[in-house]
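Asker: Here you go, sequence then predicted model.
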Amino acid sequence: MESEGGLLLPLFHEHPMMPWNDLRKGNCCGGYESQSEGYYCKICDFFVHKKCGNDELSQFIDHPSHPSHTLQLRHDKGGNICDLCSRGIVNLCYRCEMCDFDVELGCAKYPPPDVIDNFEMHPHKLILLKEWTEFECSAKCGRDDCRFHYKCDECDVAFHVDCVWHPATDHPTEVNHSYHSLHPLKLLTGEPPEYSDGTCRLCGREIDKELFYHCSSCNFTLDMPCVLNPPQKSLVDPKVHDHQLTLLPRLDSFTCNACGLKGDRSPYACFDCGFMIHQECLCLPRVININRHDHRVYRTSVLGVVDSVCGVCRKKVDWTYGGFSCKRCPGYVVHSKCATRGDVWNGKELEGVPEEEEDVEPYVVIDDNTIHHFSHIEHYLRRIHGNGVLYEDNKWCSACTHPIGLQSLYGCMDCDFSLHHKCAECPKKKWHVLHNERLTLVTNKKQEVFNCYACRQESNGFMYKDGNRKLDVLCGSISEPFVHPGHPHHPLYYIPVEGETICNGCKGNIYRTDISCIVGDCGFLLCFQCATLPQVVKHIVHNHPLSLCYGEEDASGKYWCDICETETDPNNWFYTCKDQQASLHTKCVLGDSGRLMPGSIAKVWSNCYKVVLNNSVTRPFCRKCKSHSKYPIYLKFLGTSEKYICCSFLCAYVWG
């Protein structure tokens, strides 16, 4: 150890260390002291007690836990585990390179005793086994390993070393803390006193019952993190506030100016202008992308937009407080807490990062009826207007794989390539509520079969993709507000809910993804599969197009599906032909493979199948359901003439 100009220049650390006086855990001996005078490296958050740095920290030691070899002091950055107590090693340890044996400094200075005979959880003596054997810890700590452990010779119990023993200097019984100078804080274990609220005065977290510090005279409690690394008493940060902020370590109700939410303790306050802020709001980002909006949003100290709602939770915002707003879209604002939620923001701060202007337009306009679409660069596409009467059932959209039907389309005059007008307008990149990164539209020319994250259906059309997150073009195109003819009175939004919910369309359980109405007690919910059902379809059992019906609440009598010849629940959505009074199950009309392109080759696992229309007089026999296929699409095993699958697509693997 050398000292130069007041700085410590240790042999085991790569940076000079400055004098420091703070209550911190020493990376030297692994212990805490009430007055921790020592040396500190801000670069690495590395602290050494002065006495250890000057006198007690030897470069080599002989340790009773490893008598075979001498242990050398090492600066560890790999997150190793102490082979004695199983605790993580922070920065310093003693190591035997020959045996790959590590001992943290606390265990090096205060090695665990060979025998413990006063452990409150067990009446017999516990013997330290200095060998690696598998065991189950009787303290029910939930950890599995085979390191050193204590074992009872009289009965079959065993404990991790750190479950029954701690170094002697691990925690002082009494500390003088800078945020409570009136009295010392005493170390307590177990349940907090009855008069206490059981939470930390500074951070508000629930007290860890194993160890905490408390002053009974003032009912002042601190958890271990706030004892060891308390927040700064004052700070100046122009990105947070124009004036100096001071921490008020007391119980007091306030409204945070940064997020507009209530707080009940220890805010940072400005004595010049009355500004108050949660401790956790100090680190709010300045510029971010959220998955609910196409543009960046910027943090502002005052939203200033009257009678506006949050773009995430759809609740009214208080315009006098801070939040996030869009500079391009007047009136678009988001609560600070909503914008930085884990399911909304990707965690990237964009302040100082140039915004790239990317071309997201999917096509170039050639003339009033002609476009050049990025998915079909070989030829131009001509617009063909649907007349709303003649159903086009011989053309399929290459993007969504649904029949063109009654809709307008863009078609290629030179080859069999078609796009619905709406599908042709899907942007090449977009944000989506189900992913925190921007998705890219992939044309999937090889017609790879994928499972849509939103509706859980297999498709081989276009997909919106980022990494392993894939959405078919129908689910990927849903944006807020979403207007559906099944609920025309109110727009729908993606509002995550706790637990299971029931879809109003299929009456099935929704576990993760739904779109809901936020008006009053309406309670209308849709799963993505029902939200993207085609409004008009054709089926071989009817000559006329079938329309999606959104339930007949006042229906009386029995309804029957002409396809499966079983009863239909009129309260569920179904397809109907008004002229013939039909009520057909949506699954019977569309089948399990309704999002696969007819004529394509679908590969599942190691098997390949041809996607075939079920439009012949003789229906094929399905190997899975043991009946003639009733669905509009079935899968034919390549290289055979009699193997077919019409049911769940994943069964193609089982029955291959």
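Answerer: Received, thanks.
Asker: make it CA atoms for all contacts and neighbour counts henceforth
Answerer: Noted.
Asker: Tell me the spacing between the nearest residue to residue 307 once chain neighbours are set aside and residue 223.
Answerer: Distances taken as Cα to Cα, 6 or more residues apart in numbering place residue 316 nearest to residue 307, at 7.1 Å, with adjacent residues excluded. Between residue 316 and residue 223 the computed distance is 36 Å (Cα to Cα, to the nearest Å).
Asker: So which of those two has more stuff around it?
Answerer: residue 223 (24 against 15; other Cα atoms under 10 Å).
Asker: okay, now the domains of this protein?
Answerer: 2-56, 60-164, 174-228, 234-282, 363-424, 536-590, 601-654 (automatic domain parsing).
Asker: Let me know how buried the closest residue in space to residue 545 that isn't next to it in sequence is, in neighbour terms.
Answerer: Closest residue to residue 545 apart from its sequence neighbours, by Cα to Cα, 6+ apart: residue 538 at 4.8 Å. Using other Cα under 10 Å, residue 538 has 20 other residues around it.
Asker: and the gap between residue 538 and residue 590?
Answerer: Residue 538 is 9 Å from residue 590, by Cα to Cα.
Asker: likewise residue 471?
Answerer: 19 Å.
Asker: Neighbour count for these two, which is higher?
Answerer: residue 471 (28 against 21).
Asker: any weak-confidence spans in the stretch 351-500 of the chain?
Answerer: Within the stretch 351-500 of the chain, the segments meeting pLDDT under 70 span 387-390.
Asker: now the helices for it?
Answerer: In the stretch 351-500 of the chain, the helices defined using DSSP state H, counting those that start in this stretch lie at 421-424, 473-476.
Asker: residues making contact with the last one?
Answerer: What that stands for is helix 473-476. Contact with helix 473-476 is made by 399-400, 423, 432, 441, 454-455, 461-464, 528, 532, as judged by Cα atoms under 8 Å, 6 or more residues apart in numbering.
Asker: now, which of these sits nearest residue 176?
Answerer: Lowest distance from residue 176 to these (Cα to Cα) belongs to residue 432, with 51.4 Å.
Asker: Can you tell me the closest non-neighbouring residue to the closest one?
Answerer: Nearest non-adjacent residue to residue 432 (Cα to Cα, 6+ apart): residue 291, at 5.4 Å.
Asker: What of residue 510?
Answerer: residue 501 (5.1 Å).
Asker: Make TSV out of the helices of the stretch 351-500 of the chain and add mean neighbour count.
Answerer: Below are the helices of the stretch 351-500 of the chain laid out as TSV (neighbours: other Cα atoms under 10 Å):
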stretch	mean neighbour count
helix 421-424	18
helix 473-476	24
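Asker: Can you lay out the ones you listed as TSV showing distance to residue 89?
Answerer: Converted to TSV, the helices of the stretch 351-500 of the chain look like this (distance: least, Cα to Cα, whole Å):
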stretch	distance to residue 89
helix 421-424	55
helix 473-476	46
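Asker: Of all these, which one is nearest residue 136?
Answerer: Taking the helices of the stretch 351-500 of the chain one by one with Cα to Cα, helix 473-476 is closest: 47.7 Å.
Asker: Thanks again, I'm all set now.
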